[in-house]
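In: generate coordinates for the sequence data below:
(2 chains)
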Amino acid sequence: MTTTNEKLTKKDFTSDREVRWCPGCGDYAILATVQSVLPEVGARPESTVFVSGIGCSSRFPYYMNTYGFHTIHGRAPTVATGLAITRPDLDIWVVTGDGDGLSIGGNHLMHALRRNVNLNILLFNNEVYGLTKGQYSPTSPVGSRHKSTPTGSIDQPISPVSLALGAEATFVARSYDTDRKHLTEVLTAAANHQGTSFVEIYQNCNIFNDGAFVALKDPKLKHHNQILLKTGEPIVFGPEKEFAVVAKNDGSMSIVPTAEAGDRIVVHDPTRQDPTTAYALSRLSHNPTGPTPLGVFRDVKRPVYDHVLQAEVAHAKQSGSNDLASLLASGNVWEVA
Amino acid sequence: MSSAATEHKTTPISHAVVRFAGDSGDGMQLTGDRFTTQIALAGNDIATLPDFPAEIRAPAGTLGGVSSFQLHFSDEKIHTPGDAPDVLVAMNPAALKKHLAEVKRGGQIIVNTDEFDARNLQKAGYTSDPLEDGTLTDFTVQRVALTEITLGALADYIDRGDLNKKEAERSKNMVALGLVSWMFSRPVGDTERWLAEKFAKNQSLVEANIAALKAGWYYGETTEAFAFTYEVRSAELPAGRYRNITGNQAAAYGLIAAAQRAGLELFFGSYPITPASDILHELAKHRSYGVTTFQAEDEIAAMGSVIGAAFGGTLAATASSGPGIALKTEAMGLGMMTELPMIVIDVQRGGPSTGLPTKTEQSDLLQLMFGRNGESPIPVIAPSSPSDCFNTMIEAARIALTYRTPVAYLSDGYLANSAEPWLIPDVDDLPDLTGCVNFTTEPNGENGEYLPYKRDPETMARAWALPGTSGLEHRIGGLEKDPETGHISYETANHHNQTMMRHERLQGIANSLPPTEVIDPDGDASVLVLGWGSTWGPITAACNQLRKNGRKVAQVHIRHVAPLPNDLIEIMRGYETVILPENNVGQLAMVLRAKSLIDIKSYNQVGGQPFTSTELIAAIETFGFGGPA
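Out: Purely as a prediction, here's the structure:
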């Protein structure tokens, strides 16, 4: 992360472009939080790049006063990877959605995560296609009725957090659009992570899928459903902390009344190298209509792809030849007089 | 090794075509490579044509499993790997069956008789033994028990337990190489050195292979069967230092040279595909030259990574073949729209779909010119020979960097794998590309703002500011844009103007090209033979032969296919007949007919092999002169 003494503010990261998302879209709240977080983590506009694919969320770079690249559908991780490999000095953020990142671009997401390229990937999950005006997405619950599924979708949705953990991601977290404090914490941790950080952000689409996350956002419901993951603390939730997450003998987790949990309550440790526990946590909820974990699932250290690769190139340059003439004349050479 | 050939009757000949053919596991490519090096070191001009199945190990003994390597060498400049072999080495019945029809009448055929048993004959589809049934009466047949000779030569190693029988048998290709080397009076010392290096970790393998090599040589020397040996004198090539080079190797070196001459790091993102993968393999060896290679998860990711690396300020390139290019097209459109410099190498293979992975074809031309959505013009250039892959790559980099555009580079399977001697260039004579790279570091707008799409008035290249440059933060993307700010614009008039501008920008590249070279020795030909890409060799050989036969033909070979040279159509108008041979069904001919309204005679062949000069001579006679003289 580039740092100087000069204190930057949200304004320094805000472009002069008029924001054109639908009024009431969750993207506004995420944009405002990202613009506020960047100066706090010491980012500089000139060394920050936002790369996006296609979809509502992918308009994001236009609104950031940083370098930006609005690429093509699903391919943002590929462009970001090429940039990260050649320019390890930059802070690169990928903004994608549930369609862009999990459907058309699912393959690239998986490979960026397993390589551990130095990227921060923000996946705005609204469980619907917005820009194409309302079709179901890979995260829509079974039975979702949209334009292309008038009788309800029949395919099993994917959990972005489970997918990321399965793809060997080193940092996996979840937050949601309107909780500025929680999203700030998660984004700060993501920015400080070396390697790929993956953040699923539940984002309300008030036009095509309004209320999808009401269980987590409604003032009356949220305290019953938000399982806030805090490092080093037992995982308990509810207005009176009356529920606890416990590990079962088969490796999965379940929710039980705290009073009955005894010493079986899982203590949250995102730095555990083995992803099994993090994965089990991610299976506590599928679509977030009930108790759902929020926070950092996993945050482990692993060599960063672009750092390792550039170190190898630097080492080769130091120890090897860059004399073009000797390269061209390598192998069997003969003289014609 | 003593040259017993001098005691023998040695016939001087001007050139020879030798083809080694055997099972995929018989080591024919290696044998051919070694023979090529021995020949090249002796100072002959050479051209090679490897031909192998797509399967790594097709069923042994079958026609589908036959792998071959043809070498044409000469005492004068040659342009093709030769049409009909003078000598065929057939390691089994399938190799004989597959290649016999192409062997010159009266040519020599060396067969490994040990493989001509009932089972192998049946696998090759022979109902009777061609060695006995008169099939080979038109040829001089040398029956050599290659397997038996090999096992005999290596008996000591087998007895000592250094090698088992099966391992020993594998050296039979070295026996064949020794024998053919003797036939053409070419010393095997370099192969001995090569074997010592290759098997350095296993001394008995070194000794065994050298023993097999010598056994082949001595077999030729002592047997009465070979009445003659041959000698092809050294060619009179221009003075200088030479090495052998394949097209893929030359393309890789060209990228490294271009990056260094531009003062940039090289980024190469690619996904393995035949016949392009060797470019990735070659570049991966040369990190010390500031080369970063990236094996992406798929073709699209490779293209995306190249776009990202170009945005970051490197010379960025990818290589693929037709099916992979099809996957890259959307991203290539993004590269065009965001006007970033990059090189997209297409080592064309037989298509459509998966097609013929290991065979050659020129059928991706229109895909590269027009295979993107919308009006998406990009420059297309094509090397003409294996060594020209080097120079053409530097030209590709010049265009990409100067005009800020993806450049399509059309090699093919023939150029990729063929080798020829290369006069090693002096590095200082290579084009200096530093002038093509001028990163913007200061605001370029009247109000102190940065305008990413503000253009150079001459080249129409847009400004190129790298991430990391303070004050020039900007956003680019695939949406239609305002002419200077690059802001999203859906204005109808603007889209029309921007579309026309992009075509004009491409056309402007032609202004930087030298006058087209016309080869018309007497200046009075009425027939013009036009070509592009890898057809240069056979077309040149055909034209040279026709001139020797008294025909007046002119030749023009195009490196820049898009935009075409400004003077090309005028040149074409100067001839009564324009003939355009292509290894496709007339793709450039279609474009040129449309642009010039000249009724070009299109001659086409898509057999997966390069043209032979013989067939081109016949075609030019027919189209240009109403039939043979």
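
In: OK, now which residue of the stretch 151-300 of chain B is nearest to chain A?
Out: B:Ser288 (2.7 Å; C-beta to the nearest C-beta). (Each C-beta comes from the backbone N, C-alpha and C, glycine too.)

In: surely that residue forms part of a helix?
Out: Yes: applying DSSP: H, G, I helix; E, B strand; the rest coil, one finds B:Ser288 inside a helix.

In: right, and it touches A:Leu324 too?
Out: No: applying C-beta atoms under 8 Å as the test, B:Ser288 and A:Leu324 come out as separate, 11.2 Å apart.

In: burial measure for the residue of the stretch 151-300 of chain B closest to chain A, as a count.
Out: 17 (other C-beta atoms under 10 Å in any protein chain shown).

In: chain neighbours aside, what residue packs nearest to it?
Out: Nearest non-adjacent residue to B:Ser288, counting by C-beta to C-beta, 6 or more residues apart in numbering or on different chains: A:Gly320, 2.7 Å away.

In: and what of B:Gly624?
Out: Leaving aside its chain neighbours, B:Gly624 sits nearest to B:Val527 (3.6 Å; criterion: C-beta to C-beta, 6+ apart).

In: now do the contacts for that neighbour.
Out: Residues near B:Val527 by C-beta atoms under 8 Å, 6 or more residues apart in numbering or on different chains: B:Arg551, B:Lys552, B:Val553, B:Ala554, B:Tyr575, B:Glu576, B:Thr577, B:Ile579, B:Ile620, B:Phe623, B:Gly624, B:Phe625.

In: which one of those residues is nearest to B:Glu207?
Out: Using C-beta to C-beta, B:Ile620 comes nearest to B:Glu207 of the contacts of B:Val527, at 52.9 Å.

In: looks to me like the closest one is in a helix.
Out: Yes: the assignment for B:Ile620 is a helix, going by three-state DSSP.

In: surely it meets B:Gln555?
Out: No: at 10.1 Å, B:Ile620 does not count as touching B:Gln555 under the criterion of C-beta under 8 Å.

In: between the two, what contacts are shared?
Out: In contact with both B:Ile620 and B:Gln555: B:Val529, B:Cys543, using C-beta under 8 Å, 6+ apart.

In: does B:Ser234 touch B:Asp75 like I think?
Out: Yes: counting by C-beta under 8 Å, B:Ser234 touches B:Asp75, with 6.6 Å between them.

In: who has more neighbours out of those two?
Out: B:Asp75 (18 against 11).

In: contacts only, for that one.
Out: Per C-beta under 8 Å, 6+ apart, neighbours of B:Asp75: B:Ser14, B:His15, B:Asn44, B:Asp45, B:Val232, B:Arg233, B:Ser234, B:Ala235, B:Glu236.

In: ok, now with 10 Å
Out: B:12-15, B:43-45, B:231-236 (C-beta atoms under 10 Å, 6 or more residues apart in numbering or on different chains).

In: just the buried subset of those, written out for ChimeraX, thanks.
Out: Here is the ChimeraX command that picks out the buried ones among the contacts of B:Asp75, judged by 16 or more other C-beta atoms under 10 Å in any protein chain shown:
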select /B:15,43,44,45,231,232,235
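
In: any chance of the contacts of B:Asp75 in CSV, plus pLDDT, secondary structure and distance to chain A?
Out: Shown next, in CSV, are the contacts of B:Asp75 (pLDDT from 0 to 100; DSSP: H, G, I helix; E, B strand; the rest coil; distance: C-beta to the nearest C-beta, whole Å):
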residue, pLDDT, secondary structure, distance to chain A
B:Pro12, 88, strand, 20
B:Ile13, 89, strand, 20
B:Ser14, 91, coil, 18
B:His15, 92, strand, 17
B:Gly43, 89, coil, 7
B:Asn44, 92, coil, 11
B:Asp45, 92, strand, 10
B:Glu231, 88, strand, 18
B:Val232, 90, strand, 15
B:Arg233, 89, coil, 13
B:Ser234, 87, coil, 8
B:Ala235, 87, coil, 8
B:Glu236, 86, coil, 8
